[in-house]
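Peer 1: build me a model:
(one chain, ligands or ions: 1)
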Amino acid sequence: MPVLVYTENAEGKFKKSTFEVVSYGRAVADQLGTSLTAISIGNVSADELAALGKYGAEKVLNVSNSQLKNFVNQAYASVIAAAADKEGADVVILSNSFSGRGLAPRIGVKLEAGVADGAVALPETAGNKFTVKKTAFSGKAFATVELTSAKKVISLTPNTYKVEEKGGGAPVEDFAPAVKESDFRAIVKEIVRATDKVSLPDADIVVSGGRGLKGPENWGMVEELANLLGGATACSKPVSDAGWRPHSEHVGQTGIAVSPNLYIAIGISGAIQHLAGISRSKVIVAINKDPEAPIFKVADYGIVGDAFEVVPKLIEAVKTYKA
Ligand code: FAD
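Peer 2: Numbers count the residues shown, from 1 in each chain. Prediction:
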């Protein structure tokens, strides 16, 4: 029952979620006592491809067909399914990213496989069962699904599995499956960046605001601090529920999970549901005027004070440091 992982890249660079997917795939392969192959589609350098071995891939299939330079759902799904056939893989794993959400069901149809989208934990494989814990209802709940088909497709929720280095280099093999014209019914002609902002799940620095900021008109300082640090902005659930910020910024159990090097929580109490989304942060800094706020229990650095005084001072300090 070999395992195949699809390793997503953006403009030739592997995404952070790719290393999570390979680490997760390694753990699944170990659980099943089998091997792990990675497939990459696009223009990734030979060194980066071989480095996937560090995360546990034993072999990397490299598809560098110029027709597949830009992401095309149907064609990518065909190529990944062809790789699964070639390797005899029964389990295909990919990220539950924007493209992964389109690919997983298509690969599932091609392989006649059961699909668990949005997995948040390793599968349970005791006995003859194969069950996966996953998010449901747009992340508002969890479900445990049993995949009863011989082949299985799992898409992993970003930032829910830790990256583990446990290997060396992996041999890279060119893979050139035939692609059909009918797989290119819609093609990407041009990609235009709508914003230079860092995407929240991939961000190394996140500046996040809660209800303590009182209203949407006070978000200027959150954005200014995030921009100065080259980070992304985020918020607690009540903030997005109130429409102060978009739902795409809502972090926590029912929102996005993040794993930045630095998470700055401003006017956020630290409710358990919020902490569920930030527990993989390396360093947490909390700014809160209540010294008893639960966020201080998980913070590496805490500033007890009024955000409207502390954050402007922090902004000035960063500006001075950068000058
Ligand atoms: P509050 O709890 O109101 O905290 C505001 C904080 O700001 C307080 O600690 C206060 O001391 C501080 N403050 C006030 N004024 C200032 C100031 N001037 N300067 C500095 N500090 C100040 N929440 C999430 O965030 N994410 C989730 O995914 C999520 N999922 C949930 C799922 C379920 C099923 C349920 C029941 C709840 C969920 N929640 C979630 C809500 C969660 O329980 C909390 O209600 C929420 O996180 C609180 O948001 P907050 O910290 O912004 O607001």
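
Peer 1: show me what whichever strand or helix holds residue 239 is packed up against.
Peer 2: Assigned by DSSP states H and E, residue 239 belongs to helix 237-241. In terms of contacts (3 or more Cβ pairs under 8 Å, 6 or more residues apart in numbering; DSSP states H and E), helix 237-241 is packed against no helix or strand at all. Glycine gets a C-beta too; all of them are placed from N, C-alpha and C.

Peer 1: how about it and the ligand, any contact?
Peer 2: Yes. Under the criterion of Cβ under 6 Å from any ligand atom, the ligand is reached by helix 237-241 at 237, 238, 239.

Peer 1: so what's the residue most central in space within the chain up against?
Peer 2: Centroid check for the chain by Cα atoms, centre = their mean gives residue 158 as the closest residue, at 2.4 Å. When contacts are counted by Cβ atoms under 8 Å, 6 or more residues apart in numbering, residue 158 touches 16, 17, 20, 95, 96, 97, 201, 256, 257.

Peer 1: secondary structure and distance to residue 2 for the residues you listed - can I get that in JSON lines?
Peer 2: Shown next, in JSON lines, are the contacts of residue 158 (DSSP: H, G, I helix; E, B strand; the rest coil; distance: Cβ to Cβ, whole Å):
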{"residue": "16", "secondary structure": "helix", "distance to residue 2": "25"}
{"residue": "17", "secondary structure": "helix", "distance to residue 2": "22"}
{"residue": "20", "secondary structure": "helix", "distance to residue 2": "20"}
{"residue": "95", "secondary structure": "strand", "distance to residue 2": "19"}
{"residue": "96", "secondary structure": "coil", "distance to residue 2": "22"}
{"residue": "97", "secondary structure": "coil", "distance to residue 2": "23"}
{"residue": "201", "secondary structure": "helix", "distance to residue 2": "28"}
{"residue": "256", "secondary structure": "strand", "distance to residue 2": "31"}
{"residue": "257", "secondary structure": "coil", "distance to residue 2": "28"}
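
Peer 1: burial measure for residue 256, as a count.
Peer 2: 22 (other Cβ atoms under 10 Å).

Peer 1: hang on, the earlier thing: the contacts of residue 158: which ones sit near the ligand?
Peer 2: Within the contacts of residue 158, nothing lies near the ligand by Cβ under 6 Å from any ligand atom.

Peer 1: now those residues in a markdown table, with pLDDT?
Peer 2: Shown next, in a markdown table, are the contacts of residue 158 (pLDDT from 0 to 100):
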| residue | pLDDT |
| --- | --- |
| 16 | 89 |
| 17 | 92 |
| 20 | 95 |
| 95 | 97 |
| 96 | 95 |
| 97 | 92 |
| 201 | 88 |
| 256 | 90 |
| 257 | 90 |
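
Peer 1: still on that earlier bit, how about the residues of helix 237-241 next to the ligand in TSV, adding neighbour count and pLDDT?
Peer 2: TSV is the format used below for the residues of helix 237-241 next to the ligand (neighbours: other Cβ atoms under 10 Å; pLDDT from 0 to 100):
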residue	neighbour count	pLDDT
237	20	97
238	15	98
239	25	98
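
Peer 1: how far away is the residue nearest to the centre of the chain from residue 36?
Peer 2: 19 Å (Cβ to Cβ, to the nearest Å).

Peer 1: isn't there a helix covering residue 149?
Peer 2: No. Counting by DSSP: H, G, I helix; E, B strand; the rest coil, residue 149 falls outside a helix, being coil.

Peer 1: so what's it up against?
Peer 2: 112, 113, 114.
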